[in-house]
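Undergrad: Got a sequence here, can you model it:
(2 chains)
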Amino acid sequence: MSGTWMTTRAWLLMLPLLIIMLAVIGWPMIDTVRLSFTDAKLVGAAGNFVGFDNYLKMLGSSNFQRALWATTWFAVVSVTAEMVIGVLAALLLNQQFYGRTVLRALLILPWALPTVVNATLWRLIYNPEYGALNAVLTQIGLLDSYRSWLGEPGTAMTALIIADCWKNFPLVALITLAALQAVPRDITSASLVDGAGSFARFRFVILPYLAGPLMVALVLRTIEAFKVFDIIWVMTRGGPANSTRTLSILVYQEAFSFQRAGSGASLALVVTLIVTVLAIGYGMLVRRAAGSAA
Amino acid sequence: MLKSIKKSLLGAALIAAVSAPHAFAETTLNALFMAQAAYSEADVRAMTDAFSKANPDVKVNLEFVPYEGLHDKAVLAQGSGSGYDVVLFDVIWPAEYATNNVLVDVSSRITDDMKKGVLPGAWTTVNYDGKSYGMPWILDTKYLFYNKEILEKAGIKAPPKTWAELNDQAKIIKDKGLLATPIAWSWSQAEAAICDYTTLVSAYGGEFLKDGKPAFTEGGGLDALKYMVDSYKSGLTNPNSKEFLEEDVRNVFQNGEAAFALNWTYMYNMANGGKDSKVAGKVGVVPAPGVEGKSTVSAVNGSMGLGVTTTSKHPDEAWKYIVHMTSQETQNAYAKLSLPIWASSYEDAAVTAGQEELIAAAKLGLAAMYPRPTTAKYQELSTALQQAIQEALLDQASPEDALKSAAENSGL
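TA: Coordinates of the predicted model:
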């Protein structure tokens, strides 16, 4: 009796939240699925049912394939770099040294900046006429003349990835730093007594404690990186010659610039599907990592 | 107790007093403008203040976005069913806006005085399919700006009359070591690149569409892109042009780092008289050149208009505001960054004073304005062409192949 009442009460308490979630997530989602099977325009006509046309056309188009590749490249490289730099920064900030508190506080700064501000800053740094990067590289003699970093397909994506890393590695660092506080002192001390080198200590003593939290950081960052839009939109708008056009930018162009809500919706759903698959895959990894740590 | 009642009464009275001004029948208009080229934000605010003074019952909220966001912002607000009453629109959008019912047909509101007074070419900015979807406001085309001092040092007597001559002069400047890359353009993957390309298409007598199908893959359309690629590869063009927008071109030019630059009207007074300009007083302007045997000058129609949205609940007030903004009086008072749409303004000493050179160039340039294609699918066509231009510049494809794939991707 009281058991069922507890269950009912739990559901009753969750009801408002569920209704709101259904209204703001469920309904738009369902409507997007419906839209994706039509040739609806953004403004005006509701559109006709066209079956899987939007999906077939999209999967076969070279624009989609190029964007998928660009997105994957961006996500893999930037997330890997952010994880490595983040962990290294956290290990450094976990040491006892003078000025550590100031550095820890500064670490938050890039992450706290709005993405658009960050993107604008980096655009100025990369500016081909008066950018700081060109000035530094020519003054120390690595470059003989100023270069157009965001204007060449060879460097534009790398330039974007660096800007993204600078903004997002602090998140990984913060999560790692928090996890490091949970590593028991006696174990690290014991390994020291046992004569473990610093790398062995990290690999066999500290890393197992970090695995779970790092997985969470990895999931968050991968999903975010796969959806990347604003930093690229501000810095290159997908150029030069579409070399930095990611899936989200393609969705935006399709749905809003070209006003094809139908095919825009189908494209958006494919992106959602990819991200969901990644999230589920990572979720399983996190559970396994948590299980092995226990 | 009594005290607390008094207090709450006082509170109620205060609330009533504060909210009282709003009780008047005040209309609020939301207007969307751009923060790029033509009239500055300060100019638009000052023009609007004058309107508010004359019409105290109408309040106008102004919003400024970069040109790149103007189209999408207007369309998205429309999609959500609320938003702006007045929007600034580019000459390339009326076809799409009319087809998708974004703008109100205002043909019946346009008076005979307007029809007679406004330059005939300006109307093409707002007309589609025999109807008018707003008032022209910014009458603009790309001019060839040059640095008089650099040309003088190079021993060049007069600015170029043809595009081939531009190359010759740029080469002299380069060879004399005055500048490594004398020409600046706005060839970023954006509409700005299409405007430069269109200027060249008009010079080479090309066509964008023939019977609604892409025709830019040959003739003048192809020659225009070839010219861009040659100029880029020969090193006469600043290689950073391929990530420049108009403001970048202005920066380079007014820092004295370009001998020639293609840009809109607004650059003239900013570069020639601006406080932060290193070339003040040395700026020359002529119509964009022509091609021997094909044209004497070239120009792109880069005009923009103001329209009333179909979702506006106050179309009358919105139109009144547009009439104010586009009036000869308003435009003559702010003729430094954008030239008036009114024919007689060009003979008005108050307008021409201090910018005679610009007015002379405008008379030739505005008359030669060449339109970008009129099609509801303009955005797709433009995106495909932007890609083609960049691929050709970056040597990823020959101009022929790049334009062919643009034609295939144009959706036409």
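Undergrad: Which residues of the stretch 151-294 of chain A lie near chain B?
TA: With Cβ under 8 Å from any Cβ of the partner chain as the criterion, the stretch 151-294 of chain A meets chain B at residues A:151-153, A:236-242, A:253, A:256-259. C-beta coordinates here come from the backbone N, C-alpha and C atoms, glycine included.
Undergrad: give me that answer again for 10 Å
TA: When proximity is defined by Cβ under 10 Å from any Cβ of the partner chain, the stretch 151-294 of chain A lies next to chain B at A:151-154, A:156, A:233, A:235-245, A:252-261.
Undergrad: just the strands in the stretch 301-412 of chain B please.
TA: B:304-308 (DSSP state E, counting those that start in this stretch).
Undergrad: which regions of it lie under the pLDDT threshold?
TA: Applying pLDDT under 70 to the stretch 301-412 of chain B flags no residue at all.
Undergrad: What residue in it comes nearest to chain A?
TA: Nearest residue of the stretch 301-412 of chain B to chain A, counting by Cβ to the nearest Cβ: residue B:390, 3.9 Å away.
Undergrad: That residue reaches residue B:402, doesn't it?
TA: Yes. In this structure, residue B:390 is within contact of residue B:402 by Cβ atoms under 10 Å, at 8.5 Å.
Undergrad: okay, and the common contacts of these two?
TA: Taking Cβ atoms under 10 Å, 6 or more residues apart in numbering or on different chains as the contact rule, residue B:390 and residue B:402 both touch A:241, B:396.
Undergrad: Which residue, neighbours along the chain excluded, lies closest to the residue of the stretch 301-412 of chain B closest to chain A?
TA: residue A:241 (3.9 Å; Cβ to Cβ, 6 or more residues apart in numbering or on different chains).
Undergrad: Kindly report the same for residue B:102.
TA: residue B:78 (5.1 Å).
Undergrad: Do you have the helices of the stretch 301-412 of chain B handy? List them.
TA: B:315-326, B:328-333, B:349-352, B:356-367, B:378-393, B:399-409 (DSSP state H, counting those that start in this stretch).
Undergrad: so what's residue B:50 up against?
TA: B:324-325, B:327, B:329-330, B:333.
Undergrad: now it: how far from residue B:334?
TA: According to Cβ to Cβ, to the nearest Å, residue B:50 stands 10 Å off from residue B:334.
Undergrad: okay, and the common contacts of these two?
TA: residue B:325.
Undergrad: Please name the residues that touch residue B:96.
TA: Per Cβ under 10 Å, 6+ apart, neighbours of residue B:96: A:43, A:258-259, B:71, B:75, B:89, B:102-103, B:128, B:374-379.
Undergrad: per-residue pLDDT, it?
TA: On pLDDT, residue B:96 comes in at 88.
Undergrad: Tell me the spacing between it and residue B:189.
TA: 20 Å.
Undergrad: my read: residue A:168 touches residue A:224, true?
TA: Yes. Between residue A:168 and residue A:224 there is a contact under Cβ under 10 Å: 7.5 Å.
Undergrad: Which of these two has more residues huddled nearby?
TA: Remark: of residue A:168 and residue A:224, residue A:168 carries more neighbours, 26 against 16, as counted by other Cβ atoms under 10 Å in any protein chain shown.
Undergrad: Other residues contacting the strand or helix carrying residue B:116?
TA: Using DSSP states H and E, residue B:116 falls within helix B:112-117. With Cβ under 10 Å, 6+ apart as the test, helix B:112-117 has contacts from B:111, B:123, B:132, B:135-136, B:323, B:326-328, B:340-345.
Undergrad: just to revisit the earlier point, can you get me a residue count around the residue nearest to residue B:390?
TA: Using other Cβ under 10 Å as the criterion, residue A:241 is surrounded by 25 other residues.
Undergrad: One more: residue A:183?
TA: Neighbours of residue A:183 using other Cβ under 10 Å come to 15.
Undergrad: Do you know the pLDDT at the closest residue to it other than its chain neighbours?
TA: Leaving aside its sequence neighbours, residue A:183 sits nearest to residue A:209 (Cβ to Cβ, 6+ apart; 4.8 Å). pLDDT recorded at residue A:209 is 88.
Undergrad: just residue B:11 next, same as before
TA: At residue B:11, pLDDT is 49.
Undergrad: for residue B:35, same thing?
TA: Predicted confidence (pLDDT) for residue B:35: 87.
Undergrad: Next, the contact list for it, please.
TA: Residue B:35 neighbours (Cβ under 10 Å, 6+ apart): B:41, B:44, B:63-67, B:69-70, B:247.
Undergrad: how close does it sit to residue B:184?
TA: 21 Å.
Undergrad: likewise residue B:300?
TA: As judged by Cβ to Cβ, residue B:300 and residue B:184 stand 17 Å apart.
Undergrad: go on, residue B:72?
TA: 27 Å.
Undergrad: Show me which of these two is the more surrounded one.
TA: residue B:184 (26 against 18).
Undergrad: I'd assumed residue B:192 was in contact with the more buried one.
TA: No. Using Cβ under 10 Å, residue B:184 is not in contact with residue B:192, being 11.9 Å away.
Undergrad: confidence score at the residue in the stretch 151-300 of chain B positioned nearest to chain A?
TA: Closest residue of the stretch 151-300 of chain B to chain A, Cβ to the nearest Cβ: residue B:189 (3.0 Å). Looking at residue B:189, its pLDDT is 91.
Undergrad: which residues sit in contact with it?
TA: A:151, A:236-245, B:242-243, B:383, B:386-387, B:389-390.
Undergrad: Can you tell me which of the residues you listed end up in helices?
TA: Residues of the contacts of residue B:189 located in helices (DSSP state H): B:383, B:386-387, B:389-390.
Undergrad: got these as CSV, with neighbour count columns?
TA: Shown next, in CSV, are the ones in helices among the contacts of residue B:189 (neighbours: other Cβ atoms under 10 Å in any protein chain shown):
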residue, neighbour count
B:383, 23
B:386, 26
B:387, 25
B:389, 27
B:390, 25
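Undergrad: Show me how to select, in PyMOL, the buried members of the contacts of residue B:50.
TA: Entered in PyMOL, the line below selects the buried ones among the contacts of residue B:50, by 16 or more other Cβ atoms under 10 Å in any protein chain shown:
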select buried, chain B and resi 324+325+327+330+333
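Undergrad: Can you tell me which of the contacts of residue B:50 comes closest to residue A:85?
TA: residue B:325 (51.8 Å; Cβ to Cβ).
Undergrad: give the contact list for the closest one.
TA: B:31, B:33, B:39, B:44, B:47-48, B:50-51, B:60, B:86, B:88, B:135, B:137, B:306, B:331, B:334.
Undergrad: ok, these vs residue B:397, which is closest?
TA: residue B:88 (34.8 Å).
Undergrad: Look at that closest one and say how many residues are nearby.
TA: Residue B:88, neighbours per other Cβ under 10 Å, totals 25.
Undergrad: Would you mind confirming that it is in contact with residue B:37?
TA: No. Applying Cβ under 10 Å as the test, residue B:88 and residue B:37 come out as separate, 11.5 Å apart.
Undergrad: hey, what's in contact with both of those two?
TA: With Cβ under 10 Å, 6+ apart, residue B:88 and residue B:37 have common neighbours B:67, B:138, B:304.
Undergrad: if we can go back for a sec, who touches both of residue A:168 and residue A:224?
TA: With Cβ under 10 Å, 6+ apart, residue A:168 and residue A:224 have common neighbours A:78-79.
Undergrad: what's the most buried one of the helices of the stretch 301-412 of chain B?
TA: Ranked by average neighbour count under the criterion mean count of other Cβ atoms under 10 Å in any protein chain shown, these are headed by helix B:378-393 at a mean of 24.
Undergrad: With that, I have no additional questions.
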